[in-house]
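Enquirer: This is a predicted model, with the sequence first.
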Amino acid sequence: MDPVVIIIWFVVFLLSLTVHECAHAWAAEQSGDPTGRYLGRITLNPLPHIDIFGTIIFPLIAITTGGWMFGWAKPVPFNPMNLRDRKMGEIMIALAGPISNILLAALCIVLYKVIIGGSAISPGITGGFNQPIAMMLQIGIYLNIILAVFNLIPVPPLDGSHVLRNLLPDSLSEIYAQIPVWAGFLVIFMLVRMGVTSALISPLVNLAQMILAL
């Protein structure tokens, strides 16, 4: 694969993860817990958010072997005892990351319309665009839609699981919280293999294409 394409992918990927984790930390502070602030996580500097394996090694292996660049950043810790409303606070913290990715995807759509003009886009990695800016915005749209929808799946350890856990009655919430992480990863793998995640992501991708084609 063209090294320039890999670099563009990585820049967009790193920015998207940085915004996602910064949003978690910001939401925690707004809900009453300053832990993220003390740890320097309310920042768009990617360095404090980087997980060596999840942010660098795994994504680069994924894209150089023919897949999409995907991975994770260092989770933002928070102290639930500091939250003014524990359940609502945890829900808002969990939702902040995916919402930030939706907003970032929307921003990329607006910039694409302004800079490139009306045109439907292709989900291919190369995309058919020679301009680095066009390619960067195209990747930004798709990648952030994927990050948002994927993270909203209510399976541990994804953000959606924290939302669901706090919406459940206490008795069920305690049982749900006992689901081991390995079981969550197994469910996620099965959902990906069965095409469930693609079915969830496709409507938003199609909507983005319709908007760009206007």
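Expert: Okay, I see it.

Enquirer: C-alpha only now, for contacts and for neighbours.
Expert: Noted.

Enquirer: Just the buried residues of stretch 187-198, please?
Expert: Within stretch 187-198, the residues that count as buried by 16 or more other Cα atoms under 10 Å are 188, 197-198.

Enquirer: Could you do stretch 51-70 as well?
Expert: Quick answer for stretch 51-70 (16+ other Cα under 10 Å): 55-56, 59-60, 63, 68-70.

Enquirer: if you look at the buried residues of stretch 187-198, which of them are in strands?
Expert: Using DSSP state E, no member of the buried residues of stretch 187-198 falls within strands.

Enquirer: Adding distance to His162 and pLDDT as columns, could you present these in CSV?
Expert: Formatted as CSV, the buried residues of stretch 187-198 follow (distance: Cα to Cα, whole Å; pLDDT from 0 to 100):
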residue, distance to His162, pLDDT
Ile188, 15, 93
Thr197, 19, 89
Ser198, 22, 89
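
Enquirer: centroid residue for this structure?
Expert: Leu147 (3.0 Å; Cα atoms, centre = their mean).

Enquirer: Surely that one and Ser100 touch.
Expert: No - with contact defined as Cα atoms under 8 Å, Leu147 does not reach Ser100; the gap is 9.9 Å.

Enquirer: Just the buried residues of stretch 51-70: which are in helices?
Expert: When the buried residues of stretch 51-70 are checked against helices (DSSP state H), the matches are 59-60, 63.
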